[in-house]
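>>> Sequence first, then the predicted structure, then my questions.
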Amino acid sequence: MRNASVIPPVLFKAACPDCRARFELDAPALRLAIGGSSRTTFYSFTCPECGAAVRKPAGERIVELLTGGGVSTLRLHSTAP
């Protein structure tokens with residue numbers, strides 16, 4: 001019998017600014033939007049405790065961690081010529 005290695009899902013620690021709950025979310029619970037600047041690059045999720053829609057800025061390191069962990073990514077297009 002072969003022993004297949006099972007990779008556990010990646011969990012990301014998050015907090016809600018509304019209800020201040022702290023929790024862990026898996027990749028499908030998060031969304032990452034990458035824009036043309038740091039202002040338009042962010043991640044979002046729905047708080048599992050209070051249901052608030054949360055949006056937080058995502059710097060370079062956060063983008064690396066989220067994309068590496070399998071978070072769905074949307075690339076935003078610039079409207080500038």
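Arrived safely, thanks for sending.
>>> Touching the helix or strand containing L32 from outside, list them.
Per DSSP states H and E: L32 is located in strand 31-34. Applying Cβ atoms under 8 Å, 6 or more residues apart in numbering, the contact partners of strand 31-34 are 40-45, 58, 63, 66-67, 71-76. For glycine as for every other residue, the C-beta is placed from the backbone atoms N, C-alpha and C.
>>> quick one: strands adjacent to it?
strand 42-46 (antiparallel), strand 72-75 (parallel) (DSSP bridges).
>>> just the buried members of the contacts of strand 31-34?
By neighbour count, with 16 or more other Cβ atoms under 10 Å, those hold 41-43, 45, 58, 63, 66, 71 as buried.
>>> Quick test: name the residue nearest the centre of the chain.
L30 (4.0 Å; Cα atoms, centre = their mean).
>>> which residues does it contact?
12, 14, 43-45, 66, 71-72.
>>> picking up where we left off before, what pLDDT, on average, does the strand holding L32 get?
In this model, strand 31-34 has an average pLDDT of 97.
>>> just to revisit the earlier point, can you tell me which of the contacts of strand 31-34 is nearest D26?
V71 (9.3 Å; Cβ to Cβ).
>>> Touching, the closest one and L25? I think so.
No - counting by Cβ atoms under 8 Å, V71 sits too far from L25 to count as a contact (9.3 Å).
>>> Count the neighbours of A27 for me.
Per other Cβ atoms under 10 Å, the neighbour tally for A27 reads 18.
>>> okay, it: pLDDT?
Note for A27: predicted pLDDT of 96.
>>> so who does it touch?
Counting by Cβ under 8 Å, 6+ apart, A27 touches 9-10, 12, 66, 69-72.
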